[in-house]
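Q: what's the 3D shape of this:
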Amino acid sequence: MKRLNAILSKVLGIEPDLITDKTSPDNVESWDSFNGLMLVSELEKGFNVKFTMEEVVSVKNVKDIKESLRKHGVKLDG
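A: Numbering: from 1, shown residues only. Predicted structure coming up:
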């Protein structure tokens, strides 16, 4: 979870301890379309996965990101 929060924090410019499952573009001003693409890229590099376009467009919040990572076999603590 620390790695996920570190990536989210870096790309979105928010404190890691402010990130919850409900963190989303609706409540983080910096989570715009550009940073959304940056986030996908950083997550793919950081966890060595490749998301499908369907996965990318279906993500609405951090909880969705975790579910997508788990589907790719990533073990997240917490």
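
Q: This protein: helices as residue ranges?
A: Ranges of helices in the chain, per DSSP state H, are 2-12, 33-47, 53-58, 62-71.

Q: Let's have the ones you listed in a markdown table, adding distance to residue 20.
A: Where you see a C-beta, it was placed from the backbone N, CA and C, and this is true even at glycine. A markdown table is the format used below for those (distance: least, CB to CB, whole Å):
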| stretch | distance to residue 20 |
| --- | --- |
| helix 2-12 | 10 |
| helix 33-47 | 16 |
| helix 53-58 | 19 |
| helix 62-71 | 7 |
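
Q: The ones you listed: which one's closest to residue 24?
A: Among the helices of the chain, the nearest to residue 24 by CB to CB is helix 62-71 (7.2 Å).

Q: okay, the angle between that closest one and helix 33-47?
A: Here the directions of helix 62-71 and helix 33-47 differ by 30 degrees (axes from the mean of the first three to the mean of the last three CA atoms, to 10 degrees).
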